[in-house]
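K.L.:
Sequence and predicted structure, then a few things I'm wondering about:
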Amino acid sequence: MTYSLSNIQLKNYLIASSSPLTESVQRLTCCYEAGFSAAILKSTAAYVKTGTGYGRKIVYGKDGYYADSSFEREILTLEEGIKLYKSALMNCPYDMLLIPSVSASSLEPEKWIKSCKKFEECGAKLIQLDFFYLGTIKHDDTFFEKLRILLMDLCRTLNCNMMPKLNLNFEPDETCKILKESGIKT
C-alpha cells in the first residue's frame, strides 16, 4: 500500500521532522533503516553565521519542559542546507522523500523566495516553510497581512508544494484563513 502527501507517493506516513536526526546523511540513512519514508531536513536560511549562537538548553516550567536554542544554533546557512540536500539525494535510498526546510528571520518575501528557489532548482518536490522563529516577531496590525503577502508570493513564484511549520504564537483562526486564501495545500 502507498500513501500520498501533496500528490507524492510514500510507502507510509512515517516522516522524520527537522531535528538532529535529519542534519546529516548518516542520520538520514538511519531514519530510512528505521522505516521512515520521508524526512524534513534541518532548516536552512539565507544568512551569514557570526559565531555568537548559544547551544541547546532545556527550560523547565510548571507544564513540563522544552528545548530552547538560538536561530544560529538551529538553522543551517543556505549553503550548508543545499550541500546537505544534494549529498542526501545522492546517498540516501531513492524511495525516501527528502523535504528541505526553509526559514528566515522576517516576513520579507525575497529571502524566502531565494532560498526556496535554490531547493526547487535542486529538484525539491515539497518544501517546509519553517515559521517557528517568526513567533518572536511582534504581532501588530500588519503581521497577518505580511504573512498573507509572503504566502501568496511563494505560491505564485514556486512550482513545488509547500507546507508551513507554524508557531504557537500565531493566532489559529486568522492563520488558517490566510493559509486557505493564499493557496497553501499541505
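P.N.:
Here it is on my side, so go on.
K.L.:
Quick check: chain neighbours aside, which residue is closest to Ile113?
P.N.:
Leaving aside its sequence neighbours, Ile113 sits nearest to Thr157 (C-beta to C-beta, 6 or more residues apart in numbering; 5.3 Å). C-beta coordinates here come from the backbone N, C-alpha and C atoms, glycine included.
K.L.:
That neighbour against Lys114, yeah?
P.N.:
No: using C-beta atoms under 8 Å, Thr157 makes no contact with Lys114, being 10.1 Å away.
K.L.:
Show the pLDDT at the closest residue to Glu174 other than its chain neighbours.
P.N.:
Among residues not flanking Glu174 along the chain, Phe144 sits closest, at 5.2 Å (C-beta to C-beta, 6+ apart). Phe144 carries a pLDDT value of 90.
K.L.:
Check His139 too.
P.N.:
Looking at His139, the pLDDT reads 70.
K.L.:
Please apply the same query to Pro93.
P.N.:
Per-residue pLDDT puts Pro93 at 89.
K.L.:
burial measure for it, as a count.
P.N.:
10 (other C-beta atoms under 10 Å).
K.L.:
SS state for it?
P.N.:
coil (DSSP: H, G, I helix; E, B strand; the rest coil).
K.L.:
ok, the nearest residue to it once chain neighbours are set aside - contacts?
P.N.:
Leaving aside its sequence neighbours, Pro93 sits nearest to Tyr32 (C-beta to C-beta, 6+ apart; 5.3 Å). Applying C-beta atoms under 8 Å, 6 or more residues apart in numbering to Tyr32 gives the contacts 39, 92-93, 96.
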